[in-house]
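> Provided below are the primary sequence and the corresponding predicted coordinates.
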Amino acid sequence: MFDRGKPEAALLLDLLREKKLHISTAESCTGGMIAASLTAIAGSSDVVNGGVVSYTNEVKHNVLGVKTETLEKFSAV
């Protein structure tokens, strides 16, 4: 079904294509590395919608919709 010799990101893209799904990322500590690993693969734009790297609570709340209470309880990371 899948080539196990491929990098994990490529396997994920194959699975998304097979299931006719798309992916978007919301990252903080990873600094966009997840989105970068996916978009580094040729043809990924057919399943990758985009991503957000959010370091501040303001961005997490205003852009990603994380509740203020959640950020206060669990911290920004």
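Arrived safely.
> Just give me the longest helix of the protein.
helix 8-19 (DSSP state H).
> Flag every buried residue along that helix.
9-10, 12-14, 16 (16 or more other Cβ atoms under 10 Å). The C-beta positions use only the backbone N, C-alpha and C, and glycine is treated the same way.
> name the helices or strands packed onto the lowest-mean-pLDDT helix or strand in the chain?
Counting by mean pLDDT, DSSP states H and E, the weakest-scoring helix or strand in the chain turns out to be helix 68-74, with a mean of 92. Packed against helix 68-74, as judged by 3 or more Cβ pairs under 8 Å, 6 or more residues apart in numbering; DSSP states H and E, are the following elements: helix 57-62.
> tell me which residues in the helix it packs on are buried?
Those would be 59-60, for helix 57-62 by 16+ other Cβ under 10 Å.
> residue closest to the middle of this protein?
Thr25 (2.2 Å; Cα atoms, centre = their mean).
> Tell me the buried residues in stretch 64-72?
In stretch 64-72, counting by 16+ other Cβ under 10 Å, buried: 66, 71.
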